[in-house]
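S.K.: A predicted structure for the sequence below; I have some questions about it.
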There are 2 protein chains.
Amino acid sequence: MSDQDHIFMQAAMEEAKKAGANGEVPIGAVLVADGQIVARSGNATILNSDPTAHAEINVIRARCKEVGTQRIPDHDLYVTLEPCAMCAAAIAFARIRRLVFAASDPKGGGVLHGGKFFEQPTCHHKVDVAHGNLSEESGAILKEFFAAKR
Amino acid sequence: MSDQDHIFMQAAMEEAKKAGANGEVPIGAVLVADGQIVARSGNATILNSDPTAHAEINVIRARCKEVGTQRIPDHDLYVTLEPCAMCAAAIAFARIRRLVFAASDPKGGGVLHGGKFFEQPTCHHKVDVAHGNLSEESGAILKEFFAAKR
């Protein structure tokens, strides 16, 4: 995990906070190409009435639309929580090069938990995965959000 | 599998054929509520420059947007091929009641194969699953498509 990773994860964390302020589950993501952030989003499932509008899916769709292709190799994705099975598969379909996530998610994660998508023979793209950066801050934001809900 | 199931799967097959005619992988889906088709789509990942634009995701997004919610219980989804991990998770997030698929997909499926999403403790919604209806026709369309590609 480099200093640059930390900067990009902080940008993802800002998106998570914005999402939380909108009543969405506070998870944020940024997509990086050539050392620049090219897409940023938080969860927007309520705002968009779209169960697939997770932060990761939002940035992948936005960037793919912008460049006019369904595959964006040479892009790295930073997200504040371990991606679910849906997002892990979408990351592979988009041919994302590297995935960095902050907190792990035993309840809903699909990378280290559940079906561990990237480890399955049904996954046809190798993604470089790193995690742990800013995991405590990410976890704290999520805990606070769900505590306030109850 | 009822006569009604057969009719709805035939409608999904029509969407698969339309997708194939557009150069997309020939997979189709319909969403059914109260015995009526409320959304229909084929794969559109190339047309939309969107790696997440699988037939299942397209109908879920369209219907959720139409009714203004991210959850559509009392909806049944018919699709011509076993959903991948991405679509299986989206189906659970949308709270789809029943999933009927035609052909199974050992290479990319996420229901009977790979991480078997619905069987994981990270899946928090029980979906009633049936399969096999029109599986030969669905498999034949896909085989023909990929043979023509080579």
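M.R.: Received it, and whenever you're ready, just let me know what you need.
S.K.: so which helix or strand takes in residue A:25?
M.R.: Assigned by DSSP states H and E, residue A:25 belongs to neither a helix nor a strand.
S.K.: residues in contact with it?
M.R.: A:19, A:43, A:45, A:142, A:145 (C-beta atoms under 8 Å, 6 or more residues apart in numbering or on different chains). Where you see a C-beta, it was placed from the backbone N, CA and C, and this is true even at glycine.
S.K.: out of these, which two sit at the greatest distance?
M.R.: Pairwise distances among the contacts of residue A:25 were taken by C-beta to C-beta; the largest, 14.9 Å, belongs to A:45 and A:142.
S.K.: show residues contacting the longest helix anywhere in chain A.
M.R.: Determined from DSSP state H, the single longest helix within chain A is helix A:3-21. When contacts are defined by C-beta under 8 Å, 6+ apart, helix A:3-21 is touched by residues A:25-30, A:32, A:35, A:37, A:40-44, A:55, A:76, A:78-80, A:100, A:102, A:130, A:133-134, A:137-138, A:141, A:145.
S.K.: let's see it at 6 Å
M.R.: A:26-30, A:32, A:37, A:40, A:42-43, A:78-80, A:100, A:102, A:133-134, A:141, A:145 (C-beta atoms under 6 Å, 6 or more residues apart in numbering or on different chains).
S.K.: excluding its backbone neighbours, what's nearest the residue of chain A found nearest chain B?
M.R.: For chain A and chain B, the shortest gap (C-beta to the nearest C-beta) falls at residue A:115, measuring 1.7 Å. Take residue A:115 and drop its neighbours on the chain: the residue closest to it by C-beta to C-beta, 6 or more residues apart in numbering or on different chains is residue B:115, 1.7 Å away.
S.K.: residue A:114 too?
M.R.: Leaving aside its sequence neighbours, residue A:114 sits nearest to residue B:122 (C-beta to C-beta, 6+ apart; 3.4 Å).
S.K.: just residue A:137 next, same as before
M.R.: Among residues not flanking residue A:137 along the chain, residue A:13 sits closest, at 6.3 Å (C-beta to C-beta, 6+ apart).
S.K.: for residue B:25, see how far away that neighbour is.
M.R.: 37 Å (C-beta to C-beta, to the nearest Å).
S.K.: next: residue A:128.
M.R.: 27 Å.
S.K.: what do you get for residue A:126?
M.R.: Residue A:126 sits 22 Å away from residue B:25 when distances are taken as C-beta to C-beta.
S.K.: using the three-state scheme, assign residue A:79.
M.R.: Three-state call for residue A:79 (DSSP: H, G, I helix; E, B strand; the rest coil): strand.
S.K.: if I pick it, what's in contact with it?
M.R.: A:12, A:29, A:55, A:56, A:101.
S.K.: 7 Å instead?
M.R.: Counting by C-beta atoms under 7 Å, 6 or more residues apart in numbering or on different chains, residue A:79 makes contact with A:12, A:27, A:29, A:55, A:56, A:101.
S.K.: over to residue A:49?
M.R.: B:64, B:65, B:68, B:69, B:70.
S.K.: for burial, what's the neighbour tally of the second one?
M.R.: What that stands for is residue B:65. 14 (other C-beta atoms under 10 Å in any protein chain shown).
S.K.: also the third one?
M.R.: The burial metric for residue B:68, expressed as a neighbour count using other C-beta under 10 Å, is 7.
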